[in-house]
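In: Sharing a model that was predicted from the sequence below.
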Number of protein chains: 2
Amino acid sequence: MSYFDAASSAPLHPVARQALTASLDEGWADPARLYREGRRARLLLDAAREAAAEMVGCRPDELVFDSSGTRAVHSGIAGALAGRRRTGTHLLVSAVEHSSVLHAAETHEAGGGTVSRVPVGRTGAVDPSGYAAALRPDTALACLQSANHEVGTEQPVAEVAGACRAAGVPLLVDAAQSLGWGRVDGDWSLLTASAHKWGGPAGVGLLVVRKGVRFAPPGPADERESGRAAGFQNIPAIVAAAASLRAVRAEAAAEAVRLRELTDRIRARVPSLVPDVEVVGDPARRLPGIVTFSCLYVDGETLLHELDRAGFSVSSGSSCTSSTLTPSHVLKAMGVLSEGNVRVSLPPGAAEEDVERFLSVLPDAVAAVRGKLGAPAAERPGAAVPGDSGSSGSSGDSGDSGDALVVDSLGKRCPVPVIELAKVIGDVPLGGTVRVLADDEAARLDIPAWCEMRGQEYVGEEPADRGAVYVVRRLA
Amino acid sequence: MSYFDAASSAPLHPVARQALTASLDEGWADPARLYREGRRARLLLDAAREAAAEMVGCRPDELVFDSSGTRAVHSGIAGALAGRRRTGTHLLVSAVEHSSVLHAAETHEAGGGTVSRVPVGRTGAVDPSGYAAALRPDTALACLQSANHEVGTEQPVAEVAGACRAAGVPLLVDAAQSLGWGRVDGDWSLLTASAHKWGGPAGVGLLVVRKGVRFAPPGPADERESGRAAGFQNIPAIVAAAASLRAVRAEAAAEAVRLRELTDRIRARVPSLVPDVEVVGDPARRLPGIVTFSCLYVDGETLLHELDRAGFSVSSGSSCTSSTLTPSHVLKAMGVLSEGNVRVSLPPGAAEEDVERFLSVLPDAVAAVRGKLGAPAAERPGAAVPGDSGSSGSSGDSGDSGDALVVDSLGKRCPVPVIELAKVIGDVPLGGTVRVLADDEAARLDIPAWCEMRGQEYVGEEPADRGAVYVVRRLA
């Protein structure tokens, strides 16, 4: 079994396990108490805080331990916004932040604040000048992840931090995906992270608030962790988090080179091994261990099941896998194909032979899913599509200058609307159009992406009583 | 070394340690993922939820795991208040709730809500009819602890729950101190608890919301734990929490009898071993392992240090030990002496010989502190106090019908104002009064308590430019 979903949660690092079990005997008492057991717990907590602060590159009194990265993000955003209430209520985030950031932004909006979402380019990165241009006089806080959790693209944090500093706006960096690899460069003001992403235990988030940053902790008062993270500290887990961060950092430089070679291999070989694949994310400015691609005519959930049966644990941003019925907001913001999406995130220590085995089973897994769905045969982008007018849900009337061809995909989930479009495109005269009626949210993303991949023209979207009509012109 | 502060945090139960380490290998993955490691994590989480629910006496889908008891309380109160917003914004709590409840109440007040604090009697329990009488048509939520954390007194939860049910008001029970001993009886609506109080690990709180209770989770959306506790679950800790709850329950009946005998022994013998002591809390309706007493003329912090040096870890509700400079709100609400306060809370397994050794070292420890402070010699309540007009800060003028005697204790911390009062009481003619000027918050509580203990009359409090004047009439 190969676990390739480190971006969700990394397996516990041996140092974390050792530190956790070693501190169970000394770390259970209340560190605020003055007796012996309390003093011992306090010593462990203080040492862990110093170690974590050194890894982050901050003062120990700027760092508090929260119960998760999500909670650290929620508190960091709410506290920074409240601390700058007099300046304004505008919150700036990138469109590809982690859901914890976006949900905190929604809460801010629900409370009467305003939120701007800075778009990203096709690789998933914000443009620093575009980000800077979105800063306003009433901007209370700006947020930018250090690197994206779904596609691995690194954000231009240092440049954005400089622009924020110049504008007098604090920048909160969600460093959940990158802190194990190194410090976050640049003059940021707040930083959050999550220990289980770097091989530490669950139950530990970091919240760093630089001295001088206005911060008003949200929620009921609590004296622990400088009043910024309520509740009794989980000291054994905190000790394990700090120790494992130090350990993964010691291995980071060498492991980054090794994993980057393996993910480069996946990036290079998947498109030749599997037809109709789009590899997404920045090819160079990216985390070492993450590579993401999407497969045309594939249901992401079924593909994950196939890969799981073959012994590989990966995740997907396809809406097919999600109970929310909407595709990944990251893929959407990037404007790339979402169907058949697979994120491979290698944990440190991932074996080369496992990556090779993954590359060897992937083609059959994708082919199996496509076969079940009756997807069109593989072909090179731009090649002519064999006509298949017998497909259900389509009706052609070539007499009406080709525009009467309608594919009715109402009620069908991704990737079926795209499959049905592909099956009829051969019936459309060159220069003529076909209209796809669909109510699956993924169609809005995947039909334009399909057009780009296949050299067809995406004309646009029209309203419909139910769902929407997506208009495609056949060019090839 | 004897650890007698289980009410703060219990040492990790062996079953918790075993379950924690055993589940580190299977419990680190994301339980929301569909691959093998995720399914294993989900199985552990589901099993832990079932076990915890059985111990609580609720349905598994009514129980979520939060990151601490404090967070569970904060979320439980905010969520229940938000869910009943249309009914009103009145929150009812007892005056002796845990600070997490009282801080949540303060946040509610700061947000425009109203809060009533139901007083308690001298044993620390609310009167059920008094509690019921405080329910209003606009009461959105009522809160009552199952048992008090500082003095061990059990609250009449079942009766109060009945009154709340009759009034259509949900009752939240903070069961942090009692859940290890047994289920909470009565028809409550919400319940919170904290694993490290029963010997589970830190990092796990329980929040139970009965079906049918209106509840609107506070804070940013998060799909985990039914949307009621944000952040990645700490599954090994959750497994350990559930396993240890089951284990301590299996031992609870026998251990309750044993610990109750030991705390009965402390209750009975401390007043004869140490002069001028008040044992507080209900002698019968109380938790098995907690006994609390206060010692006249003693600085709580110094006493804790003496006991720590003698090998005993206990805690105190004296303001002398606290950075907030206010005495325990619990002792204040009970109207009992706060100075020299000691809470002994025995963990399961506490040894009889350690309790005996505690009783043997306590008299000398108290005497040492009193000696350092120059406290008056011990005597029986009501006995005449030897005159000591040479004490600093007092000035007598017996010509003015005794009323001119003023003890100036401004700037002096507890127990000094009481010591200075005791030193001059002999100078006051029988029937005459003495005025103590003090700005230490504890004086407001401890001077009346001293009067009650010594058979003197507490006349009342008068305003002063700084602090307050406490007037005492000599009766004995």
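Out: It's in.
In: in the stretch 201-350 of chain A, which spans are helices?
Out: A:235-273, A:300-309, A:329-334 (DSSP state H, counting those that start in this stretch).
In: And chain B, is the shortest one touching that?
Out: It stands for helix A:329-334. No - contact of helix A:329-334 with chain B is not found when judged by Cβ under 8 Å from any Cβ of the partner chain; the minimum separation is 13.4 Å. Glycine gets a C-beta too; all of them are placed from N, C-alpha and C.
In: Distance from stretch A:271-290 to the middle of the chain?
Out: Relative to the centre of its chain, stretch A:271-290 is centred 15 Å away, using Cα atoms, centre = their mean, to the nearest Å.
In: Lowest-scoring secondary structure element of chain A by mean pLDDT?
Out: Ranking every helix and strand in chain A by mean pLDDT, DSSP states H and E puts strand A:394-395 at the bottom, with a mean of 44.
In: any weak-confidence spans in chain A?
Out: Residues of chain A meeting the criterion pLDDT under 70: A:319-325, A:378-403.
In: Just name the most buried of the helices of the stretch 201-350 of chain A.
Out: Sort these by mean neighbour count, taking mean count of other Cβ atoms under 10 Å in any protein chain shown, and helix A:329-334 sits at the top with a mean of 24.
In: helix or strand right after the least confident helix or strand of chain A?
Out: For strand A:394-395, the following helix or strand on the C-terminal side (DSSP states H and E) is strand A:406-408.
In: Quick check: residues of the stretch 1-150 of chain A near chain B?
Out: Looking at chain B, the residues of the stretch 1-150 of chain A close enough under Cβ under 8 Å from any Cβ are A:1, A:3, A:5, A:8-12, A:17, A:20-21, A:24-25, A:27-30, A:33-38, A:67-71, A:74, A:99-100, A:103-104, A:106-107.
In: any idea which helix or strand carries A:A377?
Out: Here A:A377 is assigned to no helix or strand, by DSSP H and E.
In: ditto for A:G112
Out: For A:G112, there is no helix or strand it lies in under DSSP H and E.
In: Check A:A367 too.
Out: Per DSSP H and E: helix A:352-373 holds A:A367.
In: Count the residues that sit near A:G460.
Out: 10 (other Cβ atoms under 10 Å in any protein chain shown).
In: Apart from its neighbours in sequence, what residue is nearest it?
Out: A:V471 (5.7 Å; Cβ to Cβ, 6 or more residues apart in numbering or on different chains).
In: Relative to chain B, how far out is A:R309?
Out: According to Cβ to the nearest Cβ, to the nearest Å, A:R309 and chain B sit 10 Å apart.
In: for that residue, what are its contacts?
Out: Counting by Cβ atoms under 8 Å, 6 or more residues apart in numbering or on different chains, A:R309 touches no other residue.
In: State the distance from it to B:R249.
Out: As judged by Cβ to Cβ, to the nearest Å, A:R309 and B:R249 stand 41 Å apart.
In: again with A:G130
Out: For A:G130 relative to B:R249 (Cβ to Cβ), the value is 59 Å.
In: do A:V204 as well
Out: In terms of Cβ to Cβ, A:V204 sits 29 Å off from B:R249.
In: quick revisit: tell me the secondary structure at the residue nearest to A:G460.
Out: strand (DSSP: H, G, I helix; E, B strand; the rest coil).
In: isn't it right up against A:R435?
Out: Yes - using Cβ atoms under 8 Å, A:V471 is in contact with A:R435, at 5.4 Å.
In: any residues in contact with both of the two?
Out: Counting by Cβ under 8 Å, 6+ apart, the residues touching both A:V471 and A:R435 are A:E462.
In: could you pull out the strands for the stretch 1-150 of chain A?
Out: Ranges of strands within the stretch 1-150 of chain A are A:2-3, A:63-66, A:90-94, A:114-118, A:139-145, based on DSSP state E, counting those that start in this stretch.
In: In CSV, could you pull the C-alpha coordinates for the longest one?
Out: Extracted C-alpha coordinates of strand A:139-145, given in CSV (Å, rounded to 0.1, in the frame of the first residue of the first chain):
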residue,chain,number,x,y,z
THR,A,139,-8.2,46.8,4.0
ALA,A,140,-7.9,45.4,7.5
LEU,A,141,-6.1,42.1,6.6
ALA,A,142,-4.7,40.3,3.6
CYS,A,143,-4.3,36.5,3.4
LEU,A,144,-2.1,34.5,1.2
GLN,A,145,-1.1,30.8,1.4
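In: Quick check: which helices or strands does it pack against?
Out: helix A:69-83, strand A:90-94, helix A:99-110, helix A:157-167, strand A:171-174 (3 or more Cβ pairs under 8 Å, 6 or more residues apart in numbering or on different chains; DSSP states H and E).
In: one more time with 7 Å
Out: helix A:69-83, strand A:90-94, helix A:157-167, strand A:171-174 (3 or more Cβ pairs under 7 Å, 6 or more residues apart in numbering or on different chains; DSSP states H and E).
In: okay, the ones you listed, which one's buried deepest?
Out: Here the criterion is mean neighbour count by mean count of other Cβ under 10 Å, and of the helices and strands packed on strand A:139-145 the winner is strand A:171-174, at a mean of 29.
In: closest point of the stretch 301-450 of chain A to chain B, which residue?
Out: For the stretch 301-450 of chain A, the residue closest to chain B is A:S313, as judged by Cβ to the nearest Cβ, at 3.7 Å.
In: Report the beta-bridge partners for that residue.
Out: When assigned by DSSP bridges, A:S313 has beta-bridge partners A:Y3.
In: Flag every buried residue along stretch A:277-288.
Out: A:277-282, A:286-288 (16 or more other Cβ atoms under 10 Å in any protein chain shown).
In: out of those residues, which one sits closest to chain B?
Out: A:L287 (18.1 Å).
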